[in-house]
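S.K.: okay, predicted coordinates and the sequence, questions at the end:
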Amino acid sequence: MFESLSNRLGDVFDRLRKRGALGEEDVSAALREIRIALLEADVALPVVKDFVNAVREKALGQEVLRSVTPAQMVVKIVHDHLVETLGGGMPADESALNLNAVPPVVVMLVGLQGSGKTTSAAKIALRLKNRERKKVLLASLDVQRPAAQEQLAVLGRQIDVVSLPIVAGEKPVAITRRAMETGRLEGYDVVILDTAGRLHIDEALMLEVAAVRDVAKPTETLLVADAMTGQDAVNVAKTFNERIGLSGIVLTRIDGDARGGAALSMRAITGKPIKLVGTGEKIDALENFYPDRIAGRILDMGDVVSLVEKAAENFDEAEAEKLAAKMQKGNFDLDDLASQLRQLRKMGGMGGMLGMLPGIGKIKKQMADAKIDDGMVKRQEAIISSMTKRERKNPKLLNASRRLRIAAGSGTSVQEINRLLKQYQDMAMMMKKVSKLGKKGMTRQGLAGLLPPGMGGGGGFRG
């Protein structure tokens, strides 16, 4: 989402670093470009003014201009103010979903039609069920949009979460009362209310949502806003906060090509935290919003903490132990390679992982030239799936005719199969070396013992 803003700010800081010592004119010129970059990213004008003024005040201080690394100091100041603008100074309990109330805790989702409320309701329900071990009831109050209630029911069945039975002709306030009663009588921990939206804000929408709020008395009132709507999302957030009262914001479609201004502006203008972000179309693609990590991504400092958390969340311990046992015996077949590819995809693919690494913005062109994409991983999985069990266990069986058959079955080319097998052979060779060296051999020879001849293999460490 922040790619354009990240690139612009990266260019500004690169020019500052080349300067060495900085004068006031250098800092002022950089701040003008930062201002333009923020405006182009759809950040609201009042937010841009406050941001630039706050950065200027500190960046023109004598401790920065006389610093050993003044450019780095300016980057740090911009980073700190980005974190602050995104809500970094807020207590942790305010930025997380508040479930500390007498059950059933009511979470009400509001927003315009098409912002992703219904999908977000299901995503939040799945998150509460799996992470918080909560018993969740979904209830759709959207009687305006055809099949909206059925859509939530279908999503509920997919994630194994109960949705309130649909009663034809029932009004939103009556549905709310029935949901609250069901929640109390049947021992639900959380009731999620998916309210109706409109294509634009009108009085009828506000009166309906206010009536539902008065009956449900929600602990959390979350505005679901589409990051792609830019400046308009800020106006929507402001109006809902003034008329209904928000406790937080859920930002959807941040994986798209939105410019990111909505995220920076909504928090600053409403004073309400962005609590969750939708990172994709999959039902589990929902993450907590961490201002410091997002600021790191914007400034191309990476987000290694999120990467580690994602790895821990998707890591299959049983499969890892099984693979470790095979490595000790020097066995590594194509089923094992397929397992590694699946783990990679579960973590968000190559793009998702690389996007969290520091400095990755500067090598995006090289990545594009190397054709590193998630499609390649899927094609490799398709190739392995098109093989027989015997072929996966013993790749030496794969002669020319078998490769032609696999290419036709997987929708790929023989060249792609050859590349995959070469990749497998390299990995298998490394696994065998690990097995032969053992722990003592690895300690003695180090990584050099794993390298092919001509690249230090077998030479060991010579100090």
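M.R.: Yes, it's here.

S.K.: and the gap between Thr195 and Gln158?
M.R.: 21 Å (C-beta to C-beta, to the nearest Å). Placement of C-beta: from N, CA and C, glycine included.

S.K.: right, I mislabeled it, should have said Ala30
M.R.: From Ala30 to Gln158 the distance is 49 Å (C-beta to C-beta).

S.K.: settle it for me: which of these two has more neighbours?
M.R.: Ala30 (23 against 11; other C-beta atoms under 10 Å).

S.K.: contacting residues around the more buried one?
M.R.: Going by C-beta atoms under 8 Å, 6 or more residues apart in numbering, Ala30 touches 12-13, 15-16, 74.

S.K.: Leu183 and Val102 touch, don't they?
M.R.: Quick fix: residue 183 reads Gly, not Leu. No - using C-beta atoms under 8 Å, Gly183 is not in contact with Val102; the gap is 11.0 Å.

S.K.: got the CA coordinates for stretch 233-246 in PDB?
M.R.: The C-alpha coordinates for stretch 233-246 follow below in PDB (Å, rounded to 0.1, in the frame of the first residue of the first chain):
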ATOM      1  CA  ALA A 233     -12.200   7.600   3.800                       C
ATOM      2  CA  VAL A 234     -11.000  10.400   6.100                       C
ATOM      3  CA  ASN A 235     -14.300  12.300   5.600                       C
ATOM      4  CA  VAL A 236     -16.300   9.100   6.300                       C
ATOM      5  CA  ALA A 237     -14.300   8.400   9.500                       C
ATOM      6  CA  LYS A 238     -14.800  12.000  10.700                       C
ATOM      7  CA  THR A 239     -18.600  11.800  10.200                       C
ATOM      8  CA  PHE A 240     -19.100   8.400  11.700                       C
ATOM      9  CA  ASN A 241     -17.000   9.400  14.700                       C
ATOM     10  CA  GLU A 242     -19.000  12.600  15.300                       C
ATOM     11  CA  ARG A 243     -22.400  11.000  14.800                       C
ATOM     12  CA  ILE A 244     -22.000   7.500  16.200                       C
ATOM     13  CA  GLY A 245     -18.800   7.500  18.200                       C
ATOM     14  CA  LEU A 246     -16.000   5.200  17.200                       C
END
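
S.K.: contact partners of it?
M.R.: Counting by C-beta under 8 Å, 6+ apart, 44, 110-112, 201, 206, 209-210, 213, 221-223, 225-227, 229, 249, 261-262, 265-266, 269-270, 272 sit against stretch 233-246.

S.K.: just give me the neighbour total for the closest residue to Gln231 other than its chain neighbours.
M.R.: Closest residue to Gln231 apart from its sequence neighbours, by C-beta to C-beta, 6 or more residues apart in numbering: Asp42 at 5.4 Å. Counted with other C-beta under 10 Å, the neighbours of Asp42 add up to 23.

S.K.: swap in the one 10 residues further on?
M.R.: Val52 sits with 18 neighbouring residues when counted by other C-beta under 10 Å.

S.K.: tell me who's in contact with it.
M.R.: Contacts of Val52 (C-beta under 8 Å, 6+ apart): 31, 34-35, 38.

S.K.: next one: it from Val43, what distance?
M.R.: Taking C-beta to C-beta, one finds Val52 at 10 Å from Val43.

S.K.: go on, Met108?
M.R.: From Met108 to Val43 the distance is 28 Å (C-beta to C-beta).

S.K.: what does Val191 give?
M.R.: 36 Å.

S.K.: likewise for Arg177?
M.R.: 41 Å.

S.K.: which one's more surrounded, those two?
M.R.: Val43 (26 against 15).

S.K.: helices along the stretch 1-150 of the chain, start to end?
M.R.: 3-19, 24-40, 45-59, 62-65, 70-85, 92-95, 117-131, 148-159 (DSSP state H, counting those that start in this stretch).

S.K.: and the angle from the third one to helix 70-85?
M.R.: What it means is helix 45-59. 140 degrees (axes from the mean of the first three to the mean of the last three C-alpha atoms, to 10 degrees).
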